[in-house]
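*Asks:* fold the following, please.
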Amino acid sequence: MFRIKNYLFFIILLIFYPFMTDNLYSAQPPAAVKQNVSKPTTGTVKQPKSPLVIAPEDIHLGIVSPDRSAEAIVTLKNTGSGVLRWSTEGPDGWKKPQQKLSGLLESKADSFRVKIQLLPKEMMSAEDRQKNSASYVEMILQAGSGMIICSKQIPVGTYKEQVKINTASIQKTINISFTIAYTQQLPLINLYPVRLDMGCVLPEKTVSKKIILNNSGKETLTWSVAMRKHEEMLPDHIQRGRYQSFINPETKNSGVYILPVHLKDIVGLTGTWAEKNGYPATTQGDHIMEINFSGSGIILYFLNYQKKGNLAISLDKQLMDANDLLEDVEENGGEVLVADQLAYGPHVLTITGKDSNMILEGMRVLSVYTDFFPANSIKIFPHSGATARQTNYLTVSLNTTQIPVGIYKDEIVFTTNGGEAVVEVFAEVVPDTISKVIDIYRYYNGTDYLFTADPQSETQRLFQNKYIKEGIAFRLFNPDTPGTASFYRWYNPQKKSHFYHYDYAGGKKDLRGYIFEGIIGNIATSKLTNTKELYRWYNPKTGHYFYSTELQGGKIDKKIYRFDGIAGYVR
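*Replies:* Now for the predicted structure:
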């Protein structure tokens, strides 16, 4: 009987088991069911297929040079139904028009033309033609009757640019590769500088500057040079204002920029300023340039500018949009019109930067009246030549004899078999009313002697280091005095000792540990009329120097100090 009951129970269990398991699964919490359903699946999620087909997507145009452009045809095809609208703005980072290039694709294919060319030299400015570091490249995109032209200044090299084609559903990219190469066949003159500042010149003086000329073409360049005829020049040529270069040849290739003497009254520098070929340059740290000018506007000239770091520009304490002002400045420099049509009078331009990267060439103050140089006051040698691959150096000499005091400008015209080029030349003839000598005061602190022409500007230094004034030690010369050179000052904070020399490299002195402190005046490097020797002594135990016009050394102990020669000639 017991066995029969067991068999009956087993049969009933087999009949109802499926229903029981269904109830068990349905009783699971909803979260568990959802978790099971949403379990990730393996494999790649398919993107929606675009009806736009581009062939080819990678274009290799090869070499582009002044005498060779390159182009390719791209096919655009609509594989879907209906009408497909597409558009492109051109490559990123290029100058381009505001309008887009667009089109409509139905069932048939359409063509899309890409062309790369260098801007013809006759369409470039004279200054741009003379630069051989980069060329203006045009990318022409054309479809049907529509066309856009994008441009960019690009140095020699190989490039890969992307042109994005947009549709309502997806974006596709055309990769365009090309190489910019200089295979200029025709002669092409290159001049440096293209703006020549002769500086402030006294009457009855002659000053000279150099122009570097070379040829970036393959054929021989024949050239001749002459001053522009004044009757050929428009009033705008002379009314553009006064240009002044920031270059300081005395500190060229030293790494440390110092303002030339004739700019110290109008330009102020604070912070970290390096030197590049004699021009002020910034790379890192904080730096401020303040320019005081009187006119109706100002133009800045850059030799180099890289859009990094922080840079702010203000005019008369009003902040300007620096990004907008410098938008068109390329890495190899350019011209920036900071302000125009200001009320004529004094203004202050301030450039403040942190970790910015730029090299400043100079400035032009607008509406400053300039006159033409009198005939025959400027001579250029040589005045003609033939240049293949060599570099020519031309000497431009200005004789101010019988030239009235004033600001002058002219144009030097180079006529060549490859076109015409121009170098602007500027100078200011200043009155000879300034004293030709500068009083140099001597201050004493223990064993250190500090010489300065301007004690008031060094009040804090003198006070902090407890220097005692000893009076006028000797007299130096103004910067324009022939036969003289800048007299530099260095200081060693460990030795607490000053050192002076007219050689920026310090002569044979090891300047490690010394800090450059500037120029205190000009010293004669050979004996001039009414000059006397400035003697130098050296203490080998302490590393200190002493300077005096007395051969016996004055009050120093000659048992300790050794005679170290003649430092120069002074009044």
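
*Asks:* relative to G568, how far out is the residue lying closest to N522 once chain neighbours are set aside?
*Replies:* Nearest non-adjacent residue to N522, counting by CB to CB, 6 or more residues apart in numbering: T484, 3.8 Å away. For every residue, glycine as well, the C-beta is placed using N, CA and C. Distance of T484 to G568, computed by CB to CB, to the nearest Å: 8 Å.

*Asks:* show me what contacts I359?
*Replies:* Shown in contact with I359 (CB atoms under 8 Å, 6 or more residues apart in numbering): 276, 279-281, 302-305, 333.

*Asks:* of those - the most surrounded one?
*Replies:* Comparing the contacts of I359 on neighbour count, P280 comes out first with 24 neighbours (neighbours: other CB atoms under 10 Å).

*Asks:* who does it bridge with?
*Replies:* Assessed by DSSP bridges, P280 has beta-bridge partners E275.

*Asks:* for it, give me the pLDDT.
*Replies:* Listed pLDDT for P280 reads 93.

*Asks:* please apply the same query to L186.
*Replies:* Per-residue pLDDT puts L186 at 72.

*Asks:* that one and E219, how far apart?
*Replies:* From L186 over to E219 the distance is 6 Å, taken as CB to CB.

*Asks:* now do the shared contacts for the two.
*Replies:* In contact with both L186 and E219: G418, using CB under 8 Å, 6+ apart.

*Asks:* pull stretch 528-538 out as PDB, backbone CA atoms only.
*Replies:* What follows is stretch 528-538, C-alpha atoms only, in PDB (Å, rounded to 0.1, in the frame of the first residue of the first chain):
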ATOM      1  CA  LEU A 528      91.300 111.100 -28.200                       C
ATOM      2  CA  THR A 529      91.900 114.900 -27.900                       C
ATOM      3  CA  ASN A 530      91.700 116.000 -24.200                       C
ATOM      4  CA  THR A 531      91.200 112.500 -22.900                       C
ATOM      5  CA  LYS A 532      93.100 110.700 -20.200                       C
ATOM      6  CA  GLU A 533      93.700 107.000 -19.200                       C
ATOM      7  CA  LEU A 534      91.300 105.200 -16.900                       C
ATOM      8  CA  TYR A 535      93.500 102.700 -15.100                       C
ATOM      9  CA  ARG A 536      92.300  99.400 -13.600                       C
ATOM     10  CA  TRP A 537      93.700  97.500 -10.600                       C
ATOM     11  CA  TYR A 538      92.800  94.000  -9.400                       C
END
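
*Asks:* now that stretch: how far from the chain's centre is it?
*Replies:* Centroid displacement of stretch 528-538 relative to its chain, using CA atoms, centre = their mean, to the nearest Å, is 42 Å.

*Asks:* would you mark the buried spots in it?
*Replies:* Counting neighbours by 16 or more other CB atoms under 10 Å, one finds that the buried residues in stretch 528-538 are 531, 533-538.

*Asks:* now do stretch 137-144
*Replies:* Buried, per 16+ other CB under 10 Å, within stretch 137-144: 137-143.

*Asks:* again, but for stretch 97-116
*Replies:* Under 16+ other CB under 10 Å, the buried positions of stretch 97-116 are 101-103, 105, 110, 112, 114-116.

*Asks:* just stretch 456-468 next, same as before
*Replies:* 458, 462, 467.

*Asks:* ditto for stretch 485-501
*Replies:* Neighbour-count burial for stretch 485-501 [16+ other CB under 10 Å]: 485-492, 495, 497-501.

*Asks:* who's in contact with it?
*Replies:* Applying CB under 8 Å, 6+ apart, the contact partners of stretch 485-501 are 250, 445-451, 476, 479, 502-504, 506-507, 509, 511, 513-523, 525, 536, 542-545, 547, 567-568.

*Asks:* of the residues you listed, grab the buried ones for PyMOL.
*Replies:* Only the buried members of those enter the following PyMOL selection, criterion being 16+ other CB under 10 Å:
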select buried, resi 250+447+448+449+450+451+476+479+502+504+509+514+516+517+519+520+521+522+523+536+544+545+547+567+568
